[in-house]
Structures are given as C-alpha cells and as structure tokens.
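S.K.: Sequence first, then the predicted structure, then my questions.
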Amino acid sequence: MKSLTYFLLLTVFAAEKVLGATFSFDAAPVTTCEPTPNGICEPVYEYRVYDVTDGNAELVATSPTPNFVANYPAETGVQICFVATAYNGLESAPTYEVCVTPEVARPLAPSQLEVSFY
C-alpha cells in the first residue's frame, strides 16, 4: 500500500492590530543649546519620542542615544505621528511631526517543502 505524506508550513496572518510593532527612531544628535545670557549648555543625556497622533503628547520611548529601537502598539492601516525632543534637565522644543502608516507585510515563501512517499 502506498501512501502520500507531505509537510508544508504556511502562516497566514491578516490582523487589524500590531500589538508590539518595532519602530526605529533616528534623531539628529543635539550638541548646542538656545543662546541665553549667562546660559550654560549642559550635555543632552536623553532623547524622548512622543506619539502626537490625537493632539496629545504621549511618551513612547526614551534613550540616551538619538538612534534607538522601541516597541509600541500600532494599528495596521492607521496613521501614527511622532515627535522627538532632547533633554538635559530642560526639554527642547519638539521636532516636526513624522507620520507613518503601518501595513502588514507579505510573508516570504516557505523555505522548504518536503514530500515523502511510503
């Protein structure tokens, strides 16, 4: 008696929510301060990223470096907007808004398909 056994692994995912989306934030390093009389420019020791999508600034992530990766919940197909600030004991003005719309990416093809005959 012959039988056919096969192994095929496919994952199909179509979701509304990306619960732990990974965002890469890259801000320009800040090394200067606003000119003020008798002002001392302390070094920046923290960069902050805020979600400003709904008009309120919600802190998303902080980092001692201007380039970092952070997880943040996002919904596919829905635009989300961010701003960044520098902090040295005082917080800078925010950057301009940067908006992205997360989308579900098509998965790569399975790397293997095994077919066995018995």
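M.R.: Yes, it's here.

S.K.: give the contact list for Asn67.
M.R.: 24-27 (Cβ atoms under 8 Å, 6 or more residues apart in numbering). Where you see a C-beta, it was placed from the backbone N, CA and C, and this is true even at glycine.

S.K.: and it, what are its phi and psi?
M.R.: Taking degrees, to the nearest 10, you get phi -120, psi 120 for the backbone angles of Asn67.

S.K.: thinking again about what came up before, save the contacts of Asn67 as JSON lines, and put in secondary structure, distance to Thr65 and pLDDT too.
M.R.: JSON lines is the format used below for the contacts of Asn67 (DSSP: H, G, I helix; E, B strand; the rest coil; distance: Cβ to Cβ, whole Å; pLDDT from 0 to 100):
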{"residue": "Ser24", "secondary structure": "strand", "distance to Thr65": "12", "pLDDT": "88"}
{"residue": "Phe25", "secondary structure": "strand", "distance to Thr65": "10", "pLDDT": "89"}
{"residue": "Asp26", "secondary structure": "strand", "distance to Thr65": "10", "pLDDT": "89"}
{"residue": "Ala27", "secondary structure": "coil", "distance to Thr65": "9", "pLDDT": "89"}
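
S.K.: Buried only: go through those for me.
M.R.: Neighbour-count burial (16 or more other Cβ atoms under 10 Å) applied to those gives 25, 27.

S.K.: Reformat the contacts of Asn67 as JSON lines; add distance to Thr62.
M.R.: Below are these laid out as JSON lines (distance: Cβ to Cβ, whole Å):
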{"residue": "Ser24", "distance to Thr62": "15"}
{"residue": "Phe25", "distance to Thr62": "10"}
{"residue": "Asp26", "distance to Thr62": "15"}
{"residue": "Ala27", "distance to Thr62": "12"}
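
S.K.: Next, count neighbours for Asn71.
M.R.: Using other Cβ atoms under 10 Å, Asn71 has 13 neighbouring residues.

S.K.: Okay, now the sheet partners of the helix or strand hosting Ser116, with direction.
M.R.: Ser116 is part of strand 114-117 when elements are defined by DSSP states H and E. The strands beside strand 114-117 in its sheet (DSSP bridges) come out as strand 4-7 (antiparallel).
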